[in-house]
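*Asks:* could you look at this predicted model? Sequence included:
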Amino acid sequence: MHQVIFAAATSNVDIVDLKEKNWPDLQVSTNVHVDLIEFVIIFFKVGRPFHIDTGDILHVYNRGVDKRVVFDFDNDRERFIHLLWYVNNYSYPYSKYLRQHMLSMSNPEEFITSMYQYEVPLCTIVGYVLMDNHYHLLLREDGSGGVSKFLQKLQNAYTRYYNLKNDRTGCLFQGKYKAVLVESHEQLIHVSRYIHLNPVVAGLIDIGSISNYKWSSYPTYISRKKNNSVCSPDIVLDNFRSKETFISFTCASFTSEDDTDSMRNLSIDGGL
């Protein structure tokens, strides 16, 4: 296991909780700038080939071609989040499903559920965030090729929607996608933190408003809704003693302009 340096909250609650997870390699530092440099060295080894096994967790991200905005309006973000759920559970093309709705087909949900619902979802969505020109997903492989199939369906479905809406053709996203294998508990909680802090780093919201950002899984994490059909927050939250500990780990050390600037350098538009 890698030796990891991370930014600790002002209280020692996170330190205690993480050490109780029997991670003897864990070191704690309050030097945020050094922590973030170490974070990118250890956790973002993009381009390194790896084999995906069932149970593996991946940090997946992609952005618009030529860095173009891909989520112009709230209804675009709503469509993408709905597609996260739909393409993970159904093989029936979403565009055909919508046409049946418009043609007033009786009980289209019952039709696709009985005929086209996967026996199990393609993968488990652990977390997500949507920004203006890119997305981040945290996904668990639950079957052979599930993550790859899910991402292909997701990007294709959203591209068809976006191109039709905006009278354009061609690729919308920059290549296939990029993925990093999550190899430890430490990496998992740090990637979760990184994903959820994206809108803060970008200056869209301040840290005090992170729970109100609708286009990420963070509101689901802090409410810990058991019936949420899009993501499964317990995979991350089970590494913390309480919801409050998770909130402290995610937010408490993110207090300075230096932290914002340093983490911005790790964003998808800052070099990843």
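*Replies:* Noted; the coordinates are in hand. Numbers count the residues shown, from 1 in each chain.
*Asks:* shaky segments in the stretch 51-200 of the chain?
*Replies:* For the stretch 51-200 of the chain, applying pLDDT under 70 flags the ranges 100-115.
*Asks:* which residues does stretch 221-240 contact?
*Replies:* 17-18, 21, 57, 81, 84-85, 124-128, 138, 140, 185, 188-189, 192, 196, 211, 217, 220, 243, 246-247, 249 (Cβ atoms under 8 Å, 6 or more residues apart in numbering). In short, each C-beta sits where N, CA and C put it, glycine included.
*Asks:* no wait, stretch 171-179
*Replies:* 46, 58-68, 70, 151, 155, 158-159, 162-163, 272.
*Asks:* can you select the buried ones from the residues you listed in PyMOL?
*Replies:* The buried residues among the contacts of stretch 171-179 can be selected in PyMOL (16 or more other Cβ atoms under 10 Å) with this line:
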select buried, resi 58+59+60+61+62+63+64+70+151+155+158+159+162+272
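*Asks:* show me where the stretch 1-150 of the chain has its helices.
*Replies:* 13-19, 32-43, 74-89, 94-102, 108-116, 146-166 (DSSP state H, counting those that start in this stretch).
*Asks:* so which elements touch the last one?
*Replies:* What it means is helix 146-166. Contact here means 3 or more Cβ pairs under 8 Å, 6 or more residues apart in numbering; DSSP states H and E; on that basis helix 146-166 packs against strand 57-63, helix 74-89, helix 94-102, strand 123-130, strand 134-141.
*Asks:* once you drop chain neighbours, what's closest to residue 246?
*Replies:* Ranked by Cβ to Cβ, 6 or more residues apart in numbering and with sequence neighbours excluded, the top spatial neighbour of residue 246 is residue 240, at 4.4 Å.
*Asks:* ok, the one you found to residue 99 distance?
*Replies:* Distance of residue 240 to residue 99, computed by Cβ to Cβ, to the nearest Å: 44 Å.
*Asks:* those two: which is more packed in?
*Replies:* Relative neighbour count places residue 240 above the other of residue 240 and residue 99, with 20 against 12, counting by other Cβ atoms under 10 Å.
*Asks:* what about that one, which SS state?
*Replies:* Put simply, residue 240 is coil when judged by DSSP: H, G, I helix; E, B strand; the rest coil.
*Asks:* measure it to residue 167 for me?
*Replies:* Counting by Cβ to Cβ, the gap from residue 240 to residue 167 is 47 Å.
*Asks:* cool, and residue 121?
*Replies:* With Cβ to Cβ as the criterion, residue 121 and residue 167 are 33 Å apart.
*Asks:* ditto for residue 243
*Replies:* 45 Å.
*Asks:* higher neighbour count, those two?
*Replies:* Under the criterion of other Cβ under 10 Å, the comparison of residue 243 against residue 167 puts residue 243 first, with 14 against 6.
*Asks:* pLDDT value on that one, please?
*Replies:* pLDDT, residue 243: 93.
*Asks:* so how far is residue 137 from it?
*Replies:* 22 Å.
*Asks:* mind listing the strands in the stretch 151-272 of the chain by residue range?
*Replies:* 178-182 (DSSP state E, counting those that start in this stretch).
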